[in-house]
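J.: Predicted structure and sequence below. I'll ask about it afterward.
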Amino acid sequence: QQQVKQSPQSLIVQKGGIPIINCAYENTAFDYFPWYQQFPGKGPALLIAIRPDVSEKKEGRFTISFNKSAKQFSLHIMDSQPGDSATYFCAASRAGSEKLVFGKGTKLTVNP
Amino acid sequence: EAGVVQSPRYKIIEKKQPVAFWCNPISGHNTLYWYRQNLGQGPELLIRYENEEAVDDSQLPKDRFSAERLKGVDSTLKIQPAELGDSAVYLCASTRTSLGDTQYFGPGTRLTVL
């Protein structure tokens, strides 16, 4: 049973576009929702994270939108650049547990 | 500050052979994780250490996998014997504490079992 479902599997946008990646979770005990960015040959790196007490968090060009009632959260990348081309993973964990449950990832390609 | 160091970066072995991966976490990080990332998938936790104690190894296939973290710093993950299905990237991550800190990942070891 996949606890965190991520879509789409791949995404292609033009430079300046706003790619949106969506995740849905099942376990209502989850209370920490990070997004990781992974370049080929590298380990995942934390991009931005949110907790359920807020509905939106913005850091630079990256924004997380969180809908607790729908058990969904999404990543928006404003003014996307070719350097943003990478695989993005959403994840979730619950209080008292450091076990991150990852989605399957979205391969983003930003064309020049 | 140096990041999480892993070695080797790549390993190709025949099935039934043993293999070991090494991880050096960020200095001062007490919590260490081993993840396995299959092609096209997100990382999956294998084991978590708090200092030298394995506090969550529920996802570690104990019939062939073992891990140790002597002295609570470096860690080694071993597979013996390796199977074809073990081909994956093995990632090590560390955090300063287990209280919701950011997990910092190493570059991983890409294992290919032939």
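T.: Nice, thanks for sending it over.

J.: secondary structure element for A:Phe33?
T.: For A:Phe33, the element it lies in under DSSP states H and E is strand A:30-38.

J.: Next, the buried residues of the helix or strand following that strand.
T.: Scanning forward in sequence from strand A:30-38 by DSSP H and E, the next helix or strand is strand A:45-50. Buried positions in strand A:45-50, judged by neighbour count with 16 or more other CB atoms under 10 Å in any protein chain shown: A:Leu47, A:Ile48, A:Ala49, A:Ile50. Every C-beta, even on glycine, is put in place using the N, C-alpha and C of the backbone.

J.: Quick check: the residue most central in space within chain B vs chain A, distance?
T.: Centroid check for chain B by CA atoms, centre = their mean gives B:Trp34 as the closest residue, at 3.1 Å. Separation of B:Trp34 from chain A (CB to the nearest CB, to the nearest Å): 12 Å.

J.: so what's that residue up against?
T.: Neighbouring residues of B:Trp34 by CB atoms under 8 Å, 6 or more residues apart in numbering or on different chains: B:Cys23, B:Leu45, B:Leu46, B:Ile47, B:Arg48, B:Ala67, B:Ser75, B:Leu77, B:Tyr90, B:Leu91, B:Cys92.

J.: Surely it is within a strand?
T.: Yes. Counting by DSSP: H, G, I helix; E, B strand; the rest coil, B:Trp34 falls inside a strand.

J.: And the residue nearest to B:Gln80 when sequence neighbours are not counted, how far from chain A?
T.: Counting by CB to CB, 6 or more residues apart in numbering or on different chains, the nearest residue to B:Gln80 once its immediate chain neighbours are dropped is B:Pro18, at 3.9 Å. The spacing between B:Pro18 and chain A, counted by CB to the nearest CB, is 24 Å.

J.: Counting neighbours, what do you get for B:Pro18?
T.: Residues near B:Pro18, counting by other CB atoms under 10 Å in any protein chain shown, number 11.

J.: That one reaches B:Asp86, doesn't it?
T.: No. Contact between B:Pro18 and B:Asp86 fails when scored by CB atoms under 8 Å: they sit 11.2 Å apart.

J.: How many residues are close by B:Gln59?
T.: 15.

J.: Please apply the same query to the one 5 residues further on.
T.: By the other CB under 10 Å criterion, the neighbourhood of B:Arg64 contains 14 residues.

J.: who's in contact with it?
T.: B:Ile79, B:Gln80, B:Pro81, B:Ala82, B:Glu83, B:Asp86.

J.: Please report how far the second one lies from B:Ser66.
T.: From B:Gln80 across to B:Ser66, the span is 8 Å (CB to CB, to the nearest Å).

J.: hmm, back to that, find the residues that touch each one of B:Pro18 and B:Asp86.
T.: Listed contacts common to B:Pro18 and B:Asp86 are B:Ile79; contacts here mean CB under 8 Å, 6+ apart.

J.: List the contacts of B:Cys23.
T.: B:Val4, B:Val5, B:Gln6, B:Leu32, B:Trp34, B:Asp74, B:Ser75, B:Thr76, B:Leu77, B:Cys92, B:Gly106.

J.: Now the buried members of the residues you listed.
T.: Buried among the contacts of B:Cys23 by 16+ other CB under 10 Å: B:Val4, B:Gln6, B:Leu32, B:Trp34, B:Ser75, B:Leu77, B:Cys92, B:Gly106.
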